[in-house]
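>>> Output the structure for:
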Amino acid sequence: MTPTAPHPADRPLPDEPEWPARDGQRAVFLLDASSDLERRILEGWIVRHQPAGGDRSSWETVSIPPSRRPGRRRRIGGRLEASLVAPSGDPLLVPLRVAWEREKVEGRRENPLRELLTIGDPRDPGRLRQEWVLRRAPHLCRIVIGKPAHLSDLRARWHGACSGDAGQTIGLADFVSRQATLALERAERGLRGARYKVPRLVREDILSRPAFRAGIARLARETGESEESVARRAEHDLKEIAATHDPHVIDLSAHLIHSLYKQGYGEALEYDRERLRRIFTLGQRHPVVFLPSHKSNLDHLVLQYALHENGHPPNHTAGGINMNFFPVGPLVRRSGVFFIRRTFKDNPVYKFVLRQYVDYLVEKRFTLEWYVEGGRSRSGKLLPPRLGLLAYVADAYRRGLAEDVFLVPVSIAYDQIQDVSDYVAEQRGGKKQKESFGWFVHVVRSLRRRLGHIHINFGEPVSLREALGPPHAGHDADPDEEAIHVQKLAFEVAHRINRVTPVTPTSLLTLALLGAGQRGVTMAEIERSTGTLVDYVVGRGLPVTESPWVLRTREGIERTIDGLIENGVVTCFREALEPVYAIVPDQCLTAAYYRNTIIHFFVNASIVELALLGAGEEGVANPREAFFEEALRLRDLLKFDFFFAPKDEFRGEIAEEVAVRAPDWQQLLQAGPAEIRAAALRLRPLLAHRVLRPFFEGYRVVAERLVAEPPGASFDEAAFLSSCVALGRQYELQRRISSPESVSKVTFQNGLALARNKGLLAEGVSGERLAEGRRRFASEVDGVMRRIEVIESIGQARRAGIID
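Residues are numbered from 1 along each chain as shown. So this is what the prediction gives:
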């Protein structure tokens, strides 16, 4: 009679680990098994590897809830309770699990999209799939042993975790089960890599923390609610906030992201893999926070893909609750996004829960990500930073939850952006389109055109330890002083994002074309204009996406301009003597968006030009001092549209800029007014009219609208901004402004912020005094505009070849 072949689960597996306990030491194996087959595999391994001469009394097995099937979690059974309450001696608790792998392809264990969609996650196969793999490819089945621990050690840690708690805590069995799951996750990560470093049992851990329960008790006292009521609200809020990482969805999302962005931007993202590797190394020792610029709805997705293809774990990314709609919300939550409400300042329970969640992520060294600007930039420029989450992270660091935290500035730049038409509509006064499934379909469809490439640049990380000093847990700090430190941190991150934002051919070409105003230009004029800009970029060593000399060749210019023509931003008239190019009239804001992504590199140079003209006016007693005073005055006027260094540092930057552009500037400022003005107009390239004119034209609309506003009338900001849009359109028709890009709601908002800062909206000020202040503001803006027009006239003559 032929003997029956043993079941595959009873056969030895390749590369089986050794028995973890010493001879004579009793072991309790905590089995994390999702099926009866996995349990059989684990028990078979135990029997095969038990010490020689050992018997069943030297070990026992206890099941814990299967971590890979959270939807099927079950209550901790009495068997584990019994093993822990009345143990024999001090047993060694050994977590045990089966890990399933897939075959390597070209040395990598990647999961094809077809498999992910048809058979699911190969790392978490169903019962039938497990049987199939075990029979056909047993080398893909691995025994994983979590780090063992003696019961006495775990009991001491349990007591420590519960110390100081006034209420109930989790039982020892629950604590042991969680520690076993975490030990298995760490061990399995050694097989699969850091890409799948995802938190388990987040909500359970946070809800059971003494600090969390103490906070609930405090909130109950402050609000007058019962602790049970506050606890229910807190648990609901935590469920609404927390990400629920799923390795299957993480892999699936990577495939979907790639197929999504490559429609418009091609296969490859452009970034420095070595710099990303250094950031990964940093994240092994400290929490890391990625703080990207926010230009497009693709920003998070492309950064997530770049991290994924380099083996990084997914970030815990803050997203607005407005994005939590089907199917996007459930998908991105399971790939790392946690959702937060737009406003919650009057909800102390929600604020407390969010702070506890951030504390947990910082303490456990999970990587975070959010947009320091808060929302997408509608103008192309970096927005003023939002401080909320940064303040939470800084506070967690100060309280000693991490030895250091590193903030990583990230610039995500696009040759062209599919969202830009929506931004233009909003700048003209339109309403933001609400996020929904229909909106998502529109975003996907908008990618079906050639948009160039995506460029990701990582700035130098900011160390909180270097910026804030060592943690001072238990020490009182001045809240106002801490708020100032956080604000400085945020602005430093913004500066570093700007510094690594690359100059693209599209951004440089739109800077040149917008400088021509509404006039069409020939290819020869474009070549002259871009040539001087390229010289400036090279001379200043600015970051670029490709060789700036591309725009020194006609072929490079034509390739770049063809991309803008294809997407309707630029038009070309070819029916006369030679082609003439111009920005399409209703696309000026689109072109301005691309220009504005790099405009910060040219602001100080533009200020130098205007300050030199101011220093060269008749009657100026001390031109050198007048030059710096004028530069500081312009800085003050532009501070709501651009980031500037502190005044002393800014003065040094201006001195450096003028020294580069006019090496003899010290002697020049001792000359007469005519010589100073002439020297200012000899600078190459002339930039003020290309860079600053749209902003001052917008400020002039705001100033003149304020002059027309009755000083004593109540002020309605929304109505005032709408009236500015209307007045701007009137001035555009009357040719009182040079370009439609000056009619921008964003610019009007910043102009209004400037007026408010000058006290021109203040209540309690006499009507005549307020009216006089508004007239002075309008006159001040007019004075700047007159200088810009002088510079523009010289620039037009150069572009046309009339003067050199």
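
>>> Please count neighbours and contacts with C-alpha atoms only from this point.
OK.

>>> what's the helix or strand for the nearest residue to His49 once chain neighbours are set aside?
Computed as Cα to Cα, 6 or more residues apart in numbering, the closest residue to His49 that is not its neighbour in sequence is Trp19, at 5.8 Å. Using DSSP states H and E, Trp19 sits in no helix or strand.

>>> just Ile788 next, same as before
Here Ile788 sits within helix 767-799, counting by DSSP H and E.

>>> which other helices and strands contact that helix?
helix 523-540, helix 600-615, helix 688-691, helix 693-708 (3 or more Cα pairs under 8 Å, 6 or more residues apart in numbering; DSSP states H and E).

>>> try 10 Å
Contacts defined by 3 or more Cα pairs under 10 Å, 6 or more residues apart in numbering; DSSP states H and E place helix 767-799 against helix 523-540, helix 600-615, helix 623-638, helix 673-682, helix 688-691, helix 693-708, helix 745-757.

>>> what bits of the stretch 51-200 of the chain have low per-residue confidence?
53-55, 67-79, 83, 85-88, 105-110, 118, 163-170 (pLDDT under 70).

>>> The helices and strands packed on helix 767-799 into a markdown table, with extra columns for mean neighbour count?
As requested, the helices and strands packed on helix 767-799 are arranged in a markdown table below (neighbours: other Cα atoms under 10 Å):
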| stretch | mean neighbour count |
| --- | --- |
| helix 523-540 | 18 |
| helix 600-615 | 24 |
| helix 623-638 | 19 |
| helix 673-682 | 18 |
| helix 688-691 | 25 |
| helix 693-708 | 23 |
| helix 745-757 | 21 |
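
>>> Out of those helices, the one nearest Ser436 is which?
Nearest to Ser436, of all these, is helix 745-757, at 24.6 Å by Cα to Cα.

>>> and the angle for the closest one with helix 623-638?
Angle of helix 745-757 versus helix 623-638, following axes from the mean of the first three to the mean of the last three Cα atoms, to 10 degrees, is 110 degrees.

>>> what's the residue nearest to His49 sitting at in phi/psi?
Trp19 adopts backbone torsions of phi -60, psi 130, taken as degrees, to the nearest 10.

>>> ok, it - contacts?
Neighbouring residues of Trp19 by Cα atoms under 10 Å, 6 or more residues apart in numbering: Ala27, Trp45, Ile46, Arg48, His49, Gln50, Pro51, Ile145.

>>> can you map out the helices along the stretch 201-350 of the chain?
Taking DSSP state H, counting those that start in this stretch, the helices of the stretch 201-350 of the chain run over residues 202-207, 210-223, 227-241, 247-265, 273-283, 299-309, 328-333, 348-363.

>>> any chance of the ones you listed in a markdown table, plus mean neighbour count, mean pLDDT and distance to Asp480?
As requested, those are exported to a markdown table (neighbours: other Cα atoms under 10 Å; pLDDT from 0 to 100; distance: least, Cα to Cα, whole Å):
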| stretch | mean neighbour count | mean pLDDT | distance to Asp480 |
| --- | --- | --- | --- |
| helix 202-207 | 16 | 86 | 29 |
| helix 210-223 | 17 | 91 | 23 |
| helix 227-241 | 17 | 93 | 28 |
| helix 247-265 | 19 | 87 | 41 |
| helix 273-283 | 15 | 94 | 30 |
| helix 299-309 | 20 | 93 | 32 |
| helix 328-333 | 19 | 89 | 35 |
| helix 348-363 | 19 | 94 | 19 |
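
>>> I'd like those as TSV, with distance to Ser742 appended.
Below are the helices of the stretch 201-350 of the chain laid out as TSV (distance: least, Cα to Cα, whole Å):
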stretch	distance to Ser742
helix 202-207	49
helix 210-223	49
helix 227-241	40
helix 247-265	29
helix 273-283	39
helix 299-309	27
helix 328-333	36
helix 348-363	39
